[in-house]
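Asker: from the sequence below, what's the structure:
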Amino acid sequence: MGKFRFFMSLALFVFVFFPAAAEAREARIVIDFQYGDAMPFSEGLAAVKSVDLWGYIDATGKEIIPPTWKAPEVGRFSEGFAFTGNSFIDTTGQAAFDGRAFERAHPFSEGLSAVQSGGQWGFIDTAGRFAILPVYEDAGSFAFGLAPVRRNGLWGFVDKSGRLLITPRYIRAGTFGASAHESQARAAVEYDGKIGYIDKTGRFAVLPKYDEGGEFHDALAPVRGSYHRGDWGYIDASGRELIPRRFNDAGVFGEGLAPVATDARWGYIDTKGRIALEPFYDYARPFSEGLAAVERDGKWGYIRAK
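Answerer: Residues are numbered from 1 along each chain as shown. Next comes the predicted model:
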């Protein structure tokens, strides 16, 4: 799918030293641990799995769209639509685009969604019409006017008219990460067996030297060196390592906090690398709309940082 893995399986105990964490605290549980799986909130709703069916709840835990869809995973709401395994729904849970089916799809971004139809990927608009015909082997989401696409086994980037602006030459490619300035937009790509980051012209802003890397959020991106454990940290858009590589695993930032794994537990750090929320969880996802989905003892719930 061209996405980069933000989370890895954990195994052995690794001691990790943290900066001063005097303000570290236990998060407040706002939606109890009761779900088989749970996704981040978006547009006021979050996908949760009850038994083997997915539905959507609001930030109080109220069921807004009943569990209906049996799929490995469903999408988040974006620009009023969510993909539920083979088709899109609107925020009332009704079928969108006359129930038209797709094999796979990414959330809408900048008015377009990457969808797979007939084995090939293209992009539809919010009316369900193809804006870019399905002629690619794979595709990702738009950001800063560009989206990753794969052709002949290699990834490049197209604009919203479908013009190929960055020639396919990468083994993997991610979406351009969120940044305060478009000039600092970066996308993780794999080149010659290593992960680096390119700017919107296709030039390397961060040379490929990492084994794994994630999207930029809050001006930071998680990266991993050559070791599988204890070697995740964070860089800025110029490639400076602002949070040293010392975590067993690391996720993207959201609302100033990022999930990180220490030993076999997940907690959250702030943008200075300090522990902000104690590592009490078996798994954790980024904060969104004030809440984060976390797993404990095989069940998922939601926490609030404050």
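
Asker: just give the number of residues close to Asn86.
Answerer: 14 (other C-beta atoms under 10 Å). In this view, the C-beta of every residue, glycine as well, is placed from N, C-alpha and C.

Asker: neighbours around Ser109, how many?
Answerer: 17.

Asker: report the contact partners of Phe142.
Answerer: With contact taken as C-beta atoms under 8 Å, 6 or more residues apart in numbering, Phe142 is in contact with 109-112, 123, 160, 175.

Asker: hmm, which two among those are most spread apart?
Answerer: Gly111 and Thr175 (15.0 Å; C-beta to C-beta).

Asker: okay, those two: which has more neighbours?
Answerer: The residue with more neighbours, out of Gly111 and Thr175, is Thr175; 25 against 14, by other C-beta under 10 Å.

Asker: from Val149, how far off is the more buried one?
Answerer: Between Thr175 and Val149 the computed distance is 11 Å (C-beta to C-beta, to the nearest Å).

Asker: ok, what's across the strand from Lys213?
Answerer: Not quite, residue 213 is Gly, not Lys. Val223 (DSSP bridges).

Asker: strands - which of the contacts of Phe142 land there?
Answerer: Mapping those onto strands (DSSP state E) picks out 112, 123.

Asker: same list (the contacts of Phe142) but as JSON lines, adding distance to Ala250 and pLDDT.
Answerer: Shown next, in JSON lines, are these (distance: C-beta to C-beta, whole Å; pLDDT from 0 to 100):
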{"residue": "Ser109", "distance to Ala250": "23", "pLDDT": "97"}
{"residue": "Glu110", "distance to Ala250": "27", "pLDDT": "97"}
{"residue": "Gly111", "distance to Ala250": "31", "pLDDT": "98"}
{"residue": "Leu112", "distance to Ala250": "29", "pLDDT": "98"}
{"residue": "Phe123", "distance to Ala250": "30", "pLDDT": "98"}
{"residue": "Lys160", "distance to Ala250": "32", "pLDDT": "97"}
{"residue": "Thr175", "distance to Ala250": "18", "pLDDT": "97"}
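
Asker: can I get the contacts of Phe142 in TSV including distance to Tyr136?
Answerer: Formatted as TSV, the contacts of Phe142 follow (distance: C-beta to C-beta, whole Å):
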residue	distance to Tyr136
Ser109	16
Glu110	17
Gly111	18
Leu112	13
Phe123	9
Lys160	14
Thr175	15
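
Asker: make sure Val51 is actually in contact with Gln34.
Answerer: No - the pair Val51 and Gln34 does not pass the contact test of C-beta atoms under 8 Å, sitting 11.0 Å apart.

Asker: more neighbours, the two?
Answerer: Gln34 (12 against 8).
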